[in-house]
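In: Provide a 3D model corresponding to the input given below.
(4 chains)
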There are 4 protein chains.
Amino acid sequence: MKLEVGCFLSYQCLEVSSITLSIHPLSSDQQFVNKCYLKTDQALDQEIHKDQFNNQIVRIIPNPGYLEIHFSAQVELTSSGILEGAYPEQIDPSLLPLEVLPFLWPSRYCQSDLLVNLAERITRGIQPGYATVIRVCDWIYENVEYCYGMTNEHTSAYEIVAQPIGVCRDFAHLGIALCRAISIPARFISGYANKLDPPDFHAYFEAFLGGRWHVFDPTRKAPLEGLVQIAVGQDATDVSFANLFGDIEMREMKVWCQQVENFSQQETRVR
Amino acid sequence: MKLEVGCFLSYQCLEVSSITLSIHPLSSDQQFVNKCYLKTDQALDQEIHKDQFNNQIVRIIPNPGYLEIHFSAQVELTSSGILEGAYPEQIDPSLLPLEVLPFLWPSRYCQSDLLVNLAERITRGIQPGYATVIRVCDWIYENVEYCYGMTNEHTSAYEIVAQPIGVCRDFAHLGIALCRAISIPARFISGYANKLDPPDFHAYFEAFLGGRWHVFDPTRKAPLEGLVQIAVGQDATDVSFANLFGDIEMREMKVWCQQVENFSQQETRVR
Amino acid sequence: MKLEVGCFLSYQCLEVSSITLSIHPLSSDQQFVNKCYLKTDQALDQEIHKDQFNNQIVRIIPNPGYLEIHFSAQVELTSSGILEGAYPEQIDPSLLPLEVLPFLWPSRYCQSDLLVNLAERITRGIQPGYATVIRVCDWIYENVEYCYGMTNEHTSAYEIVAQPIGVCRDFAHLGIALCRAISIPARFISGYANKLDPPDFHAYFEAFLGGRWHVFDPTRKAPLEGLVQIAVGQDATDVSFANLFGDIEMREMKVWCQQVENFSQQETRVR
Amino acid sequence: MKLEVGCFLSYQCLEVSSITLSIHPLSSDQQFVNKCYLKTDQALDQEIHKDQFNNQIVRIIPNPGYLEIHFSAQVELTSSGILEGAYPEQIDPSLLPLEVLPFLWPSRYCQSDLLVNLAERITRGIQPGYATVIRVCDWIYENVEYCYGMTNEHTSAYEIVAQPIGVCRDFAHLGIALCRAISIPARFISGYANKLDPPDFHAYFEAFLGGRWHVFDPTRKAPLEGLVQIAVGQDATDVSFANLFGDIEMREMKVWCQQVENFSQQETRVR
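Out: Sure thing, here's the model as predicted:
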């Protein structure tokens, strides 16, 4: 599947401010990034950095005034991370690859250490592995209401259980916390999502089963086949699409992710 | 139904200590208390007090040393508070009797103000009134595990949702919090319970529907027909069977509640 | 000291709604209430109720439309509850009057059971009794910022410690929680306050020392000598000046509390 | 300063278990690791891994039965991370090195997002930079009691504020949370500590000031000059000295860190 993705962001900046952007999808065995454009209406240096999870971070230090950022990329999904064939099993935690262990620990918004009983109760009697994570996602979908404006940047998985209302970020946090609570490594993913309505950055999660990461989305808001991964992290703290430092405010945001027959020859633009 | 109820409590006391007991069932339109004995092996004054909810509190100021307390009562259940005939309806909160309002507010262990969305979600589509409270109880029974030793005296309804494991006290707190969250007054009840296994003080709750209080017990641990009410309160803080002040420790506790054909002529004793 | 106190409240009501008001000061050994007027622009019944703490609650069931409530009272403070002479001592909790015990337990917004270590640390080395409560109030005044808009009706004493910012209600909750944590009974008071700026309903607390209740106010926003008590409770849940049920919204509120040489012959009015 | 450090750990293992150890100090510009021995009484493979923070993790998969682990290292502290000369300043967050940003975000046990007001209050009027962090450490030392057994592996900085009692791990979490709350990057450090009494693994933190990391320890339990760094992380979740998977229990633990004139020629042993 070929997708043209991107975003338009504008900001009002005063003195001494900076933005770090996490909006670049990277090539992997699941997606090939054909072209990437990041342009600003001010002529600015772009400081590029790979973080501890290999995500690409770009920092811009704007001049005071109005700033527009245009980003677009052409991505071909080569393999979706979605299951085909046999169902992957849960790996005994004592034998997990060591680089996977950080995704087994609790994090700010995924207090898996406090949700062990709940996770065990939800998945009792389910075949360990893929079916367990599916059960977790179904439970979240059935028990948590998708609604904007009821949660904020402080809201954690623990609170979502009692609340129980939230947005994609909250759904992903709860899915991750419940998986980790039963010793399945899970990580937060930010991405572009085809057919997400209204268009926005999306958040979902991956669980480590049968030796690799698999995509799950308890919101059921967008088809798994159309997800373009931007960044991975322990939870939302690690993958915020934009971190603002100093006297700077967002004015406008548009995000798109659209399937195409063939990639356009020019940079894609807001539609 | 005739029941002989009681408890045996023993304590080790050092200097300057006191115990307040909330173990006396009182006569009401649901139960007639035929006889009541409270004896201690030390000759001690019993200071009797009716608290703000009309519960009977007895304070004993023991001498240093070992103390035994024997309590027994003969209770005839005249009407169980259990529904017969038509299902009572929820009363519009703007028209509730004013003396019922305190049982609509959140309390230490029943943070109804934080569980509004959850309560609404659980009871969505259910006929307001009796069926709603039954739905709340069923939800608790299906979603919370009954298990000793996982919760303590600090555990509140909010935590039980995420935990989700607890004892009768926790089940009652959650039932109360969910009812109040949807504007149904609810209060905590401590009592003796026939057929409770193992025998112990029991905790359940009442909801105010159709103009009177009705008994509910989400634990399903004892038949509603065999419940003898001791005390009512906003939550467990108000009805603790014994509060200890000073250098005093409980050594032993036995509780009983047994159906009889005819009341015995002597004081009932531990069986 | 003679004070004319009162409030003006207006509401917009739709169908089936009611208001319970807790705005009447009552005569006690600390204050004599000379005259009391409660008038509404609609001709409405006033249902009067004494709650479990002996506060006076008035319920009004307004007709749909706009409603104005005028309340005024003339109050003479006969004894302020403020200390004169010797400093009262803490009473051993095993010997407290039984009617005082409910004010020793934790409540929704005063989780004294979670703040025992903090309370002990703050008051370590202080003479038990009056000096302890003064130390608690000083600690709150020094460590919590008085600021509107940072807390809401869900905010509890536990959160204020970490926050640490709040309004009079939050200050009172924290004072109460810390006192109870070291076995000093404490209760929430709503009242009118002379010289409070801007004028508003005020919240403070009382601690039980040396056999009676004493007034404390960690906010230092109004002189203790000019406080007119409306209602007492375990915390703010019990004494809300107005509880609204149904489709009803507050439009305006004015509160006053003014010292006078002589009481006016007519009903006092908004100034 | 020359230090011989090490630990002795023993475990009882049943089937399918593993241990990941984070006990190896690594050479850096602050410490030179001369020799390192890790021996087990069973002949076992050691799987060595560098995690996302460049800590060295070793995994052992023991045979069922009893297992002893001996670890020792010779470390020369070449520069302590402690301040000499001018006091480093706080770097404007918009200009921080990008690899430092993860240590600005909240984490499981360091909810800096919830402690902004507290941190600002504590450091108000203090010169931004080194003096601010010293103020944070002083405040923790003065306001939190050092005591074993009152906190556990779930305890977070937010709870320590209200509690306020804990061990080195809790002190470090609170220091980190308060620094991040005022935009100073801070990270959790596990280490060996000379003169720590009783000997144990130690936890402290580093703050990023003036372009590099500086050591701080609000517990004041061990001299900063004798700290040997093992691992860094966002909080304790990242640097646990041993993670146990499966049926395995610790039986014994000894830790040492001793200053020597000259390194011994043989492996150092438990003293």
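
In: Could you break chain A into its assigned domains?
Out: Chain A is divided into the following domains under automatic domain parsing: A:2-79+A:241-260, A:93-233.

In: With respect to C:Arg251, which of those lies nearest?
Out: Between C:Arg251 and the domains of chain A, the tightest spacing by C-beta to C-beta is seen for domain A:93-233, at 24.9 Å. Placement of C-beta: from N, CA and C, glycine included.

In: Would that closest one count as contacting chain C?
Out: No. Domain A:93-233 lies out of reach of chain C by C-beta under 8 Å from any C-beta of the partner chain, never closer than 12.0 Å.

In: To D:Glu261, which of the domains of chain A lies closest?
Out: When the domains of chain A are compared by C-beta to C-beta, domain A:93-233 sits nearest D:Glu261, at 37.8 Å.

In: Out of the domains of chain A, which is closest to chain B?
Out: Comparing the domains of chain A against chain B with C-beta to the nearest C-beta, the closest turns out to be domain A:93-233 (4.3 Å).

In: show me what contacts the spatially most central residue of chain A?
Out: Nearest to the centroid of the C-alpha atoms of chain A, with distances taken as C-alpha atoms, centre = their mean, sits A:Ser190, at 1.7 Å. Contact analysis of A:Ser190 by C-beta atoms under 8 Å, 6 or more residues apart in numbering or on different chains lists A:Ser22, A:Phe201, A:His202, A:Ala203, A:Gln229, A:Ile230, A:Ala231, A:Gly233, A:Ala236, A:Val239, A:Ser240, A:Phe241.

In: Would you list the phi and psi of it?
Out: Torsion angles at A:Ser190 (phi, psi; degrees, to the nearest 10) stand at phi -100, psi 150.

In: hmm, back to that, now, which of the contacts of A:Ser190 lie within strands?
Out: Using DSSP state E, the members of the contacts of A:Ser190 that fall within strands are A:Phe201, A:His202, A:Ala203, A:Gln229, A:Ile230, A:Ala231, A:Gly233.

In: Most widely separated two among these?
Out: Longest distance between any two of those is 14.3 Å, between A:His202 and A:Gly233; criterion C-beta to C-beta.

In: picking that back up, tell me which of the domains of chain A sits most buried.
Out: Each of the domains of chain A was assessed for mean neighbour count using mean count of other C-beta atoms under 10 Å in any protein chain shown. The highest is domain A:93-233, with a mean of 21.

In: first to last residue in that domain, what's the distance?
Out: Criterion C-alpha to C-alpha, to the nearest Å; first-to-last residue distance in domain A:93-233 is 20 Å.

In: Show the average pLDDT along that domain.
Out: What domain A:93-233 shows for mean pLDDT is 97.

In: any idea how far the helix or strand harbouring A:Trp213 is from the chain center?
Out: Under the criterion DSSP states H and E, the helix or strand holding A:Trp213 is strand A:212-216. The gap between the average C-alpha position of strand A:212-216 and the chain average comes to 12 Å, counting by C-alpha atoms, centre = their mean, to the nearest Å.

In: Which neighbours in the sheet does that strand have, and how are they oriented?
Out: Looking at strand A:212-216 with DSSP bridges, its partner strands are strand A:201-209 (antiparallel).

In: when you scan stretch A:128-146, is anything in it near chain D?
Out: No. Against chain D, stretch A:128-146 shows no contacts by C-beta under 8 Å from any C-beta, the least distance being 13.7 Å.

In: Find the closest residue to chain D in the stretch 101-250 of chain A.
Out: Closest contact between the stretch 101-250 of chain A and chain D, by C-beta to the nearest C-beta, is at A:Phe245 (3.7 Å).

In: Quick one: name the residues of chain A near chain B.
Out: A:114-115, A:117-118, A:121, A:143, A:145, A:150, A:158, A:161-165.

In: Sort out for me which of those residues are in helices.
Out: Under the assignment DSSP state H, those contribute A:Asn117, A:Leu118, A:Arg121, A:Asn143, A:Tyr158, A:Val161, A:Ala162 to helices.

In: Make TSV from those residues and add distance to B:Val16 to it.
Out: Formatted as TSV, the entries for these read as follows, by distance: C-beta to C-beta, whole Å:
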residue	distance to B:Val16
A:Asn117	41
A:Leu118	44
A:Arg121	46
A:Asn143	51
A:Tyr158	42
A:Val161	44
A:Ala162	42
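
In: just the strands in chain A please.
Out: Listed from the start of the chain, chain A has strands (DSSP E) covering A:2-13, A:18-21, A:31-40, A:47-50, A:56-60, A:65-77, A:145-146, A:165-166, A:186-193, A:201-209, A:212-216, A:227-233, A:242-245, A:248-260.

In: what does the average pLDDT come to for the first one?
Out: Along strand A:2-13, the predicted local confidence has a mean pLDDT of 97.

In: Show me how far it is from its chain's centre.
Out: Average the C-alpha atoms of strand A:2-13, do the same for its chain, and the two points are 16 Å apart (C-alpha atoms, centre = their mean).

In: ok, now the third one?
Out: Relative to the centre of its chain, strand A:31-40 is centred 18 Å away, using C-alpha atoms, centre = their mean.

In: and for it, what are the contacting residues?
Out: Residues lying outside strand A:31-40 but in contact with it, judged by C-beta under 8 Å, 6+ apart, are A:21, A:23-27, A:46, A:58, A:60, A:62, A:67-78, A:228-229, A:263, A:267.

In: what pairs with it, and is each one parallel or antiparallel?
Out: Applying DSSP bridges, strand A:31-40 is found paired with strand A:65-77 (antiparallel).

In: The partner strand vs strand A:56-60, what angle?
Out: 160 degrees (axes from the mean of the first three to the mean of the last three C-alpha atoms, to 10 degrees).

In: which ones are touching A:Trp105?
Out: A:Trp105 makes contacts with A:Ser112, A:Arg180, A:Gln234, D:Arg108, D:Thr237, D:Asp238, as judged by C-beta under 8 Å, 6+ apart.

In: thinking again about what came up before, now, among the contacts of A:Ser190, which is nearest to D:Ser10?
Out: Comparing every one of the contacts of A:Ser190 with D:Ser10 (C-beta to C-beta), the shortest separation belongs to A:Gly233, at 36.5 Å.

In: That closest one contacts A:Asn55, doesn't it?
Out: Yes. Distance between A:Gly233 and A:Asn55: 7.3 Å, which falls inside the contact criterion (C-beta atoms under 8 Å).

In: Now the common contact residues for the two.
Out: Taking C-beta under 8 Å, 6+ apart as the contact definition, A:Gly233 and A:Asn55 share the neighbouring residues A:Val239.

In: Tell me the residues of the stretch 1-150 of chain A that contact chain D?
Out: A:16-18, A:20, A:47, A:49, A:51-53, A:57, A:59, A:61, A:92-95, A:98-99, A:101-102, A:105-108, A:110-111, A:113-114.

In: let me redo that: the stretch 151-271 of chain A
Out: Near chain D, the residues belonging to the stretch 151-271 of chain A are A:Glu153, A:His154, A:Thr237, A:Asp238, A:Asn243, A:Phe245, A:Gly246 when assessed by C-beta under 8 Å from any C-beta.

In: Do I have it right that the first one meets D:Asp113?
Out: Yes. With contact defined as C-beta under 8 Å, A:Glu153 and D:Asp113 form a contacting pair (7.1 Å).

In: before we move on, the earlier item: can you tell me which of the residues of the stretch 151-271 of chain A next to chain D is nearest chain C?
Out: The shortest distance between chain C and any of those, using C-beta to the nearest C-beta, involves A:His154 and amounts to 12.0 Å.

In: How far does stretch A:20-36 sit from its chain's centre?
Out: Relative to where its chain is centred, stretch A:20-36 has its mean C-alpha point 13 Å off (C-alpha atoms, centre = their mean).
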